[in-house]
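Enquirer: After the sequence you'll find the predicted model.
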Number of protein chains: 2
Amino acid sequence: MGSGQPRGRGGGRPTLEEVAVRAGVGRGTVSRVINGSPRVSEHTRAAVEEAVAELGYVPNTAARALAANRTDSIAVVVPEPESRFFSEPYFSDIIHGVGSALADTDMQLLLTFAGGDRERRSLAQYLSAHRVDGVLLVSVHADDPLPDLLQQLEIPAVISGRRSADEPLASVDSDNFAGARAAVDHLLARGRRTIATITGRLDVYGAQRRLDGYVEALTEAGHPVPSDLTAHGDFTEDGGRRAMADLLDRRPDLDAVFAGSDVMAAGARQVLREAGRRIPDDVALVGFDDSAIARHMDPPLTSVRQPIAEMGRTMTNVLLAEIADTRPAAARRLGRQQIVLPTELVCRESS
Amino acid sequence: MGSGQPRGRGGGRPTLEEVAVRAGVGRGTVSRVINGSPRVSEHTRAAVEEAVAELGYVPNTAARALAANRTDSIAVVVPEPESRFFSEPYFSDIIHGVGSALADTDMQLLLTFAGGDRERRSLAQYLSAHRVDGVLLVSVHADDPLPDLLQQLEIPAVISGRRSADEPLASVDSDNFAGARAAVDHLLARGRRTIATITGRLDVYGAQRRLDGYVEALTEAGHPVPSDLTAHGDFTEDGGRRAMADLLDRRPDLDAVFAGSDVMAAGARQVLREAGRRIPDDVALVGFDDSAIARHMDPPLTSVRQPIAEMGRTMTNVLLAEIADTRPAAARRLGRQQIVLPTELVCRESS
DNA sequence: ATCACACATGGGAGCGCTCCCACCCTACCC
DNA sequence: GGGTAGGGTGGGAGCGCTCCCATGTGTGAT
């Protein structure tokens, strides 16, 4: 069968078998060389490698996946396009980090778009049908069914940002609490006394933690935390505008605002400006994320930087470790890593 | 052989065979139902579908890929992380568009990171080893070897932004020329007379076309196009700064700047401000891309919007069509689509 | 020299699916 | 009534690989 040279369109790449013939060895031996097994003599290895090079052989992924029952690929499950995940630096940076962690391996990255709950449910099925060896979950709501489904199916998974204080899945998060504290401490240090906050959607644990950090910073400094200084946004610019308008309405005396995201801060800035408040003279403003818009805002926005690419990289490494872990499921369930990466306050002219 | 219920970790999803037994039919029949073949009686189809539902059967992708010699997946080849592609809206939006086009199909999306030429060369091999049915290329330099390799291997591919006027591959681009013209016409209409431009890297065809549009607009309006009004950036903020400094040095009398990207415009803005030029009073500024920073810049930046998500969507549809095309290679080579999507000038306070 | 054992190697048996050919049965024709 | 289409169906033959067992071949111990 098979002539030596490439055959017709598409189908015609060399197979393991052809390499074996060329090198004058058996299939098994070629397979061992390809997979770096030590149990091959130096001489044979060289012969096989030469044949591989001559033929331009590349293993067929599908065949390997079928035979070995692993795909050498992981999926990043991307939430509904509308979500804030797609705006702002988050998406790019996470992927960037994942990509750089994957560069050292021969794992492939699958991008999967998940819509509503129904789609996420069937998604779990698909993922389990040996499409991938593991899953990276980003931007997950507290009530998303997907993480539990994955756990049930015993598919290794890592989540970005836990869903609650006791996250059962492995997770990588940034220190939202400390970041918020640092922001508010900074405002206090600057002499601000009536500090309001605009929160993100509180069903996102990270948004809750930012609020917690805000409360803690004020409390610890001996300040009261009246509820009329807290307004709820939804991570959107428009939400930030509405929240800021509310705040100004309720507490015209405020002299600082800590926003749970840069985008909301941008919305807030507009309302403040329209209301004739100068930034930072009348009202200091601090955001969260340190995205591109923070640098370019007028005035440049003080913001809490999250190491997002680093998070992507860390998530990937944790996932790869989970995939490599061969202990029984019960044992693996135990030592799940909960990593929290530090945030950093970047001071600019808005505060 | 298999009991009815799931087996141990990982391995235990139901197979076609099990569905066949459950439904009391042959493997072939189940396969026909799964793949929507019409040659199945209504009665049998119902029985099979019930068995599928009961067992929660999901086809094994790897097995299907191996047997059918197609993967039902396409790859987006992402350039080196450093490139501008990763900053700014481009990446997110393209992926967004690709994702939405793919949502209507059952194709999967593979993200592949390509580094230097050597990596791109081996990448072509990998892609051809039936990892994917087609490839989407974004942000390609004029001398990138990958497109030609793909063409040689007869792997369907679509490129975003052509590499030259006679692009052999199918391509989807935005109308850089018309966008630049519109921007410059707008500046002329506003009474500006000494209009400079900051170009992107001219080995990117789109950057060249933006420059062409600038020249054409001025020429057509009867203005000279002195070379000292053109400075070259590299799509980075810092490049924008340097180019603006040069420009100011050479032509302190300029009253408008058309930048080849928003990021470069941001850099230019800083230099203009430091030089004491007011925007737009002394110098009008127009960018390209209409990214998030354009909206948040001070003052908000007039910019040329590209329909990036739409480009991603269109590229995907073109690619899917190429994949579906079963005509002989020679015939397919002919009718390759070259799509150009319209750009739109978004006027804000900077001009 | 003899046995044991380790290492190196070949190749059969699948992995779960699609493709396709052979087969059966019914319906319709002459 | 026999012949002939076809639609509907079953299942063999792979797809290209990994896994693993059986088989060689060389070494050192006895």
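Expert: Done, it's in.

Enquirer: can you count the residues close to A:M244?
Expert: 30 (other Cβ atoms under 10 Å in any protein chain shown). Every residue, glycine included, has its C-beta placed from N, CA and C.

Enquirer: Next, find the distance separating A:F113 from B:H96.
Expert: Distance, A:F113 to B:H96, by Cβ to Cβ, to the nearest Å: 9 Å.

Enquirer: Likewise for A:P89?
Expert: From A:P89 to B:H96 the distance is 14 Å (Cβ to Cβ).

Enquirer: same thing with A:G24?
Expert: Distance from A:G24 to B:H96, by Cβ to Cβ: 52 Å.

Enquirer: Those two: who's more crowded?
Expert: Using other Cβ under 10 Å as the criterion, A:G24 and B:H96 rank with B:H96 on top: 21 against 11.

Enquirer: how far does whichever strand or helix holds the more buried one sit from the chain's center?
Expert: Using DSSP states H and E, B:H96 sits in helix B:90-102. Centroid separation between helix B:90-102 and its chain, computed with Cα atoms, centre = their mean, to the nearest Å, is 8 Å.

Enquirer: now swap in stretch A:188-204 and tell me
Expert: Worked out by Cα atoms, centre = their mean, stretch A:188-204 lies 25 Å from the chain centre.

Enquirer: Give me the mean pLDDT for it.
Expert: For stretch A:188-204, the mean pLDDT works out to 95.

Enquirer: buried residues in that stretch?
Expert: Residues of stretch A:188-204 classed as buried by neighbour count (16 or more other Cβ atoms under 10 Å in any protein chain shown): A:188, A:192, A:194-201, A:204.

Enquirer: doesn't A:D166 fall inside a helix?
Expert: No: looking at A:D166 with DSSP: H, G, I helix; E, B strand; the rest coil, it is coil, so not inside a helix.

Enquirer: Distance of it relative to A:Y205?
Expert: Distance from A:D166 to A:Y205, counting by Cβ to Cβ: 11 Å.

Enquirer: who's more crowded, the two?
Expert: Higher neighbour count among A:D166 and A:Y205: A:Y205, with 20 against 7, using other Cβ under 10 Å.

Enquirer: if I read this right, the more buried one contacts A:A142, doesn't it?
Expert: Yes: A:Y205 is within contact range of A:A142, at 6.8 Å (criterion: Cβ atoms under 8 Å).

Enquirer: so what sits against both of those two?
Expert: A:163-164 (Cβ atoms under 8 Å, 6 or more residues apart in numbering or on different chains).

Enquirer: Whether stretch A:138-146 contacts chain B - can you check?
Expert: No: Stretch A:138-146 lies out of reach of chain B by Cβ under 8 Å from any Cβ of the partner chain, never closer than 12.9 Å.

Enquirer: Return the residues in contact with the residue in the stretch 101-250 of chain A that chain B sits nearest to.
Expert: Distances between the stretch 101-250 of chain A and chain B by Cβ to the nearest Cβ are smallest at A:A129, namely 3.9 Å. By Cβ under 8 Å, 6+ apart, A:A129 lies in contact with B:13, B:58-61.

Enquirer: got TSV for these, with secondary structure and pLDDT too?
Expert: Listed next are those as TSV, based on DSSP: H, G, I helix; E, B strand; the rest coil; pLDDT from 0 to 100:
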residue	secondary structure	pLDDT
B:R13	coil	83
B:V58	coil	92
B:P59	coil	94
B:N60	coil	93
B:T61	helix	93
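
Enquirer: wait, which of those residues is closest to A:S73?
Expert: B:T61 (10.3 Å; Cβ to Cβ).

Enquirer: mind checking pLDDT for the residue nearest to the closest one when sequence neighbours are not counted?
Expert: Take B:T61 and drop its neighbours on the chain: the residue closest to it by Cβ to Cβ, 6 or more residues apart in numbering or on different chains is A:R131, 5.2 Å away. At A:R131, the pLDDT value in this model is 82.
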